[in-house]
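*Asks:* build me a structure from this.
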Amino acid sequence: MSNDMISVVIPCFNQGKYLPFTVESIIASTHQAIEIIIVNDGSTDDSLAIAQQLKSRHHGIQIIHQPNGGVSKARNAGMRIAQGEYILPLDGDDLISSDYIEKAIEILRSNSSVKVVYCNAVKFNEQVQKEWKLKPFNLYNLATDNMIFVSGIFRKKDAFDIGGYSEDMTMGREDWEFWIKMLKDGGQVVKLPITGFYYRLTPNSKRKRTGTKEKKKERIDYLNQKHPDFFHKSINGPLRYNRSWSYTYNTLMKLIGRL
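*Replies:* Below is the predicted model of the structure:
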């Protein structure tokens, strides 16, 4: 195994028509030591057939075919067979720039205290392309929102040290909880000054499906149950449904002896 090999793990559920563009963006990378693991997560479209066609044309593609279990199970399945020292999760309809992997691995290879590298990002579809405005990373901001999109790059060892993605988190934003687990006890984060990630906007994206008020409440309840110490340390108490007011509200409740 090459010390700088990266495994790109692609969960794919009914994203067959976009999958070739995703794979081509990886193959165009300036970094050469890459394996691609496509996890067909019970797709009902032609995703599996398209993945098999891509494998027949490109060296270094592996395919896992499994019943639909959600992105956390799919990412974990891909990471379990990954040969790379580094991991890039990339959904089956998103894209990366040619220099993203190379520049991220340069950072991770040169500084063992860095756990996650990400970059500037763009949201796009056939009609629009716009900057994804992300808050600066710090633990306070991470406690109230996720500013690291799912396709940050990290070491496989660090992912397995925290147990991978939480497979019981099924209400969306699984990557947010993953970053909390990875970073709450230390580790640096580097944001590259390049636009390296392209998030495809689709009519039925999971981000839209899990953006309801009910899902948001369910997600906050889950995070508070899993990481109470992190939230108390970062925002002086639990994450509130009105997330931006969490620190102020918690501080007030402590002052009046209600927390």
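
*Asks:* low-confidence regions, the stretch 1-150 of the chain specifically.
*Replies:* Low-confidence segments of the stretch 1-150 of the chain (pLDDT under 70): 1-3.

*Asks:* isn't there a helix covering residue 249?
*Replies:* Yes. Under DSSP: H, G, I helix; E, B strand; the rest coil, residue 249 sits within a helix.

*Asks:* tell me the contacts of the residue lying closest to it once chain neighbours are set aside?
*Replies:* Closest residue to residue 249 apart from its sequence neighbours, by Cβ to Cβ, 6 or more residues apart in numbering: residue 240 at 5.7 Å. For glycine as for every other residue, the C-beta is placed from the backbone atoms N, C-alpha and C. Neighbour list for residue 240: 220, 246, 249, 250 [criterion: Cβ atoms under 8 Å, 6 or more residues apart in numbering].

*Asks:* again with residue 166
*Replies:* Contacts of residue 166 (Cβ under 8 Å, 6+ apart): 72, 174, 177, 178, 181, 226.

*Asks:* what is the burial count for the nearest residue to residue 125 once chain neighbours are set aside?
*Replies:* For residue 125, ignoring the flanking residues on the chain, the nearest one in space by Cβ to Cβ, 6+ apart is residue 201 at 4.3 Å. Neighbourhood size, residue 201 [other Cβ atoms under 10 Å]: 16.

*Asks:* equivalent analysis for residue 77, please.
*Replies:* There are 19 residues near residue 77, going by other Cβ under 10 Å.

*Asks:* list the buried residues of the host helix or strand of it.
*Replies:* Taking DSSP states H and E as the criterion, residue 77 maps to helix 71-81. Buried residues in helix 71-81, counted by 16 or more other Cβ atoms under 10 Å: 71, 72, 73, 74, 75, 76, 77, 78, 79.

*Asks:* closest one of those to residue 8?
*Replies:* Of all the buried residues of helix 71-81, residue 8 sits closest to residue 78, with 8.7 Å by Cβ to Cβ.

*Asks:* thinking again about what came up before, tell me the secondary structure at the residue nearest to residue 249.
*Replies:* Per three-state DSSP, residue 240 ends up coil.

*Asks:* state the distance from it to residue 220.
*Replies:* For residue 240, the distance to residue 220 equals 8 Å [Cβ to Cβ, to the nearest Å].

*Asks:* could you do residue 44 as well?
*Replies:* Counting by Cβ to Cβ - residue 44 and residue 220 are separated by 31 Å.

*Asks:* who's more crowded, these two?
*Replies:* Between residue 44 and residue 220, counting by other Cβ under 10 Å, residue 220 is the more crowded of the two (19 against 10).
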